[in-house]
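In: Kindly return the folded structure for what I paste below:
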Amino acid sequence: MIGAMAMLIMGVASMVSQAAEKKAETLADSTFSRDALALALKEAEVVEAQIRSERDSLRGTLTDTAGVAMPHVVVSDGVACTLTDSLGRYALHRHKGARFVYYTVPDYCAVPTHAADDRTADFYRAINDTDSVYNFTLTRLPRGKETRYRMIVIGDPQVTNAFSPYYTGPNDNPIKKSDLARFTDETMADIRRTIADLPEGTPVYGLSMGDDVQYYGGYNDSLEHQIRLALGSSEMTLFSVIGNHDQDGKRVYKEKWEENWGPTDYSFDRGDVHYVCFNNCDFYHGALYYSPGELSDKQMAWLTQDLELADKQKKVVLCYHIPLTFGNRPNKKAQPLDIPTEAGHYSSSRLSDLLLLLENFAGGYELFCGHTHFALNHEIDYEGHHVMEHCHAAACGNIWQSNVNICGTPNGYYVYSFDGTEMTNAYYKGTEWKRSQQMTLFRADTNFNDESYAKDWDLPHKRNVLVANVFNADSRWRVVAMENGREYPMTRISSVGQDAFATGYHHKYSESVSYWFVSKKNTYLIMNHLYYYEPRSPHSILFVKATDPWGNTYTESSTHVVSQPFFNYAHYYQ
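Out: The predicted structure is shown next:
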């Protein structure tokens, strides 16, 4: 049905055109006909062109709740970006294939949500064929920009339409419980407790790093909406990026994600940070996609415009699904990493251009991704830059086949603190773990279903070597072993490889994921948060002390080493 505005425009165009034609006919019969006729026809063409232009445009006005104009707000359709004028007005050409018109939420405005009990971001409108006007009403934050806030980052919820084997005791009797129920009862329940423990009034936001769903077990067209409701069920206001399994190269899957979440390429401001989310899952044959991630020329043009219009004093956080600094299924233009311990890995062909764009921001930048089902703060020296990419472990672990990721990091999520442009704290929160638990200890010789750290990493045998898996570690952490009151540095492992405990554990239990995925045959898996120490005395009780870049110190005793190869799927929860 044609809207009233469209009908009015068409009616006016018709009347103007008819009047111009009648005027032209009259003038044609007069003695001074030729010049006047040309003028009349030109007038008609101008009016008709203006009407066509209005039909081909997207336009509207942004005001606050008091009706006051909102100038200098970025508005986009995912192809081009523009700024509202002094009266809050914007106009964009209607681009073929654009599905949404939306705005970058300013730092001084609240993020609109889908509902009071669905606190997922709703800052967009779907474009249709008949409407050209899309107005937005923004709500100003009562205290202005939130300089200090928390950002909770969730890697790969990845709920499926299948029932994965799930155990709550050592008898190995599976319990039939859906992935969605586990995510709701475990992950989101834990997040609500984390938020409740924060100082009253702390602003809290959330990011899902994609793969909200995977259609393993059959396509369920309500699954994406169900996970959105689950993710929106806490007090944090949540955004999401799109992952490869949200799409799997199928148009119907991608459209289902967009139906629930809106645009795949967008930005928003919180405090002194500009967040940019985009779809870097570039499918080249069916469900196959490039790894590291890639962006199209069209996306790069959009991203360039977005960053050109952003405040250059801010920090930028780029948010996407597939890592950009490593991967072993590259685009032909991708560059191999010059790192002997990461043979077969490449950087994205877009990394150079992205870093050039990010150089313009005084607050610096962070790179956030998910996808891998292992935790990795990946650091490379690239074209004169020292680049760190935060690859977030999955909330679902090994796709709800256990309570650990394939790197041995427990199912969980990350909590970041921002103050101005500075990241002032960050920690990993294992689901149903205490915040203070940031590592797991093992003995190198322990047999985990024929897997051991000593064998995997060529460590000394029969010397009671202690191995620490420090989940969120990077090169800035200081990890030491305490033996008889003295500190000794632990040796960091950084290479393509595997985690012996997680590999042996999944080898026995995992059904929906192949053994290859969790084993050393999966050369995608890079481990860099394992540390080991050979004690002076094999009988010493040791303590591991790990200090992060923000001054937090975490300790664990060798009396708490994991010695059982299995126990059950809920091993870490006991």
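In: List the residues that contact the residue lying closest to Thr65 once chain neighbours are set aside.
Out: Among residues not flanking Thr65 along the chain, Thr139 sits closest, at 5.5 Å (C-beta to C-beta, 6 or more residues apart in numbering). Just so you know, the C-beta spots here come from the backbone N, C-alpha and C atoms, and that holds for glycine as well. Residues counted as contacts of Thr139 (C-beta atoms under 8 Å, 6 or more residues apart in numbering) are Asp64, Thr65, Cys109, Ala110, Pro112.
In: List the contacts of the second one.
Out: Yep, that's Thr65 we're talking about. Thr137, Leu138, Thr139, Arg140 are the contacts of Thr65 under C-beta under 8 Å, 6+ apart.
In: do the same with the fourth one
Out: Neighbour list for Ala110: Leu138, Thr139, Arg140, Leu141 [criterion: C-beta under 8 Å, 6+ apart].
In: Could you count how many residues lie near Leu547?
Out: I think there's a mix-up here, since residue 547 is Thr and not Leu. 15 (other C-beta atoms under 10 Å).
In: thought it was touching Arg476?
Out: No: if you go by C-beta atoms under 8 Å, Thr547 and Arg476 don't touch, sitting 9.4 Å apart.
In: gap between the residue nearest to the spatial centre of the chain and Ser240?
Out: The geometric centre of the chain, computed from its C-alpha atoms, lies nearest to Met209 (C-alpha atoms, centre = their mean), at 2.7 Å. Met209 sits 8 Å away from Ser240, going by C-beta to C-beta, to the nearest Å.
In: Could you do Ser563 as well?
Out: 39 Å.
In: Show me which of those two is the more surrounded one.
Out: The residue with more neighbours, out of Ser563 and Ser240, is Ser240; 30 against 11, by other C-beta under 10 Å.
In: Let me see the contact set for the more buried one.
Out: Going by C-beta under 8 Å, 6+ apart, the list of residues near Ser240 reads Thr120, Leu207, Ser208, Gly210, Asp212, Arg228, Leu231, Trp261, Cys277.
In: And it, how far from Leu138?
Out: Taking C-beta to C-beta as the measure, Ser240 and Leu138 are separated by 21 Å.
In: Then Ser494?
Out: 46 Å.
In: Look at the two and report which has more neighbours.
Out: When Ser494 and Leu138 are compared for neighbours, Leu138 comes out ahead with 21 against 17, by other C-beta under 10 Å.
In: Just checking: what are the partner strands of the host helix or strand of Ser494?
Out: If you go by DSSP states H and E, Ser494 is part of strand 491-496. Partners of strand 491-496 in the sheet, by DSSP bridges, are strand 526-533 (antiparallel).
In: Moving C-terminal from the partner strand, which element do we reach first?
Out: strand 542-547.
In: could you dump that next one to PDB, C-alpha only?
Out: Coordinates of each C-alpha in strand 542-547 appear next as PDB, following Å, rounded to 0.1, in the frame of the first residue of the first chain:
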ATOM      1  CA  LEU A 542      54.400 -24.300  45.000                       C
ATOM      2  CA  PHE A 543      52.400 -21.200  44.500                       C
ATOM      3  CA  VAL A 544      51.800 -19.400  41.200                       C
ATOM      4  CA  LYS A 545      51.500 -15.700  41.300                       C
ATOM      5  CA  ALA A 546      50.200 -13.900  38.200                       C
ATOM      6  CA  THR A 547      50.000 -10.100  38.000                       C
END
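In: any idea how far Arg476 is from the spatially closest residue to Leu324 that is not a sequence neighbour?
Out: Of all residues not flanking Leu324 in the chain, Ser348 sits nearest, at 4.2 Å (C-beta to C-beta, 6+ apart). Distance, Ser348 to Arg476, using C-beta to C-beta: 24 Å.
In: So for these two, which residue has more residues nearby?
Out: A side-by-side neighbour count of Ser348 and Arg476, using other C-beta under 10 Å, places Ser348 first with 28 against 12.
In: Pretty sure that one sits against Asn331.
Out: Yes: using C-beta under 8 Å, Ser348 is in contact with Asn331, at 7.5 Å.
In: Does Asp248 touch Ala287 like I think?
Out: Yes: Asp248 lies in contact with Ala287 (C-beta under 8 Å); the separation is 4.6 Å.
In: and those two? which has more neighbours close in?
Out: Between Asp248 and Ala287, counted using other C-beta under 10 Å, Asp248 has the larger neighbour count: 20 against 12.
In: next one: phi and psi at that one?
Out: Main-chain torsions, Asp248, degrees, to the nearest 10: phi 50, psi 30.
In: Against Tyr215, how distant is it?
Out: Computed as C-beta to C-beta, the Asp248 to Tyr215 distance reads 7 Å.
In: Spell out, range by range, the strands that occur in the stretch 451-574 of the chain.
Out: Taking DSSP state E, counting those that start in this stretch to define them, one finds strands in the stretch 451-574 of the chain at 466-470, 478-483, 486-489, 491-496, 526-533, 542-547, 553-557.
In: Return the list of helices and strands in contact with the shortest one.
Out: Going back to what we said before, that points to strand 486-489. Other helices and strands packing on strand 486-489, by 3 or more C-beta pairs under 8 Å, 6 or more residues apart in numbering; DSSP states H and E, are strand 478-483.
In: go again using 10 Å as the cut-off
Out: Contacts defined by 3 or more C-beta pairs under 10 Å, 6 or more residues apart in numbering; DSSP states H and E place strand 486-489 against strand 478-483, strand 526-533, strand 542-547.
In: So what's the gap between it and the chain middle?
Out: Distance, stretch centre to chain centre, for strand 486-489: 38 Å (C-alpha atoms, centre = their mean, to the nearest Å).
In: Low-confidence ranges, this structure, go.
Out: Per-residue confidence for the chain (pLDDT under 70) gives these ranges: 1-55, 565-574.
In: if we can go back for a sec, in the contacts of Thr65, find the pair that's most separated.
Out: Distance extremes for those: the farthest pair is Thr137 and Arg140 at 10.8 Å, using C-beta to C-beta.
In: Any chance you could list residues touching both of the two?
Out: Residues touching both Thr137 and Arg140 (C-beta atoms under 10 Å, 6 or more residues apart in numbering) are Asp64, Thr65, Ala66, Met70.
In: And stretch 157-169, what's buried?
Out: Residues Pro157, Gln158, Val159, Thr160, Asn161, Ala162, Phe163, Ser164, Pro165, Tyr166, Tyr167 are the ones in stretch 157-169 that count as buried (16 or more other C-beta atoms under 10 Å).
In: and it, C-alpha only, in CSV?
Out: What follows is stretch 157-169, C-alpha atoms only, in CSV (Å, rounded to 0.1, in the frame of the first residue of the first chain):
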residue,chain,number,x,y,z
PRO,A,157,27.0,-18.0,22.7
GLN,A,158,26.4,-20.4,19.7
VAL,A,159,23.2,-22.0,20.9
THR,A,160,22.1,-24.8,18.6
ASN,A,161,18.8,-26.6,17.9
ALA,A,162,20.2,-29.9,19.2
PHE,A,163,20.6,-31.4,22.6
SER,A,164,24.3,-31.9,23.3
PRO,A,165,25.4,-34.5,25.9
TYR,A,166,25.4,-32.9,29.3
TYR,A,167,26.4,-34.4,32.7
THR,A,168,26.1,-33.2,36.2
GLY,A,169,27.7,-36.1,38.0
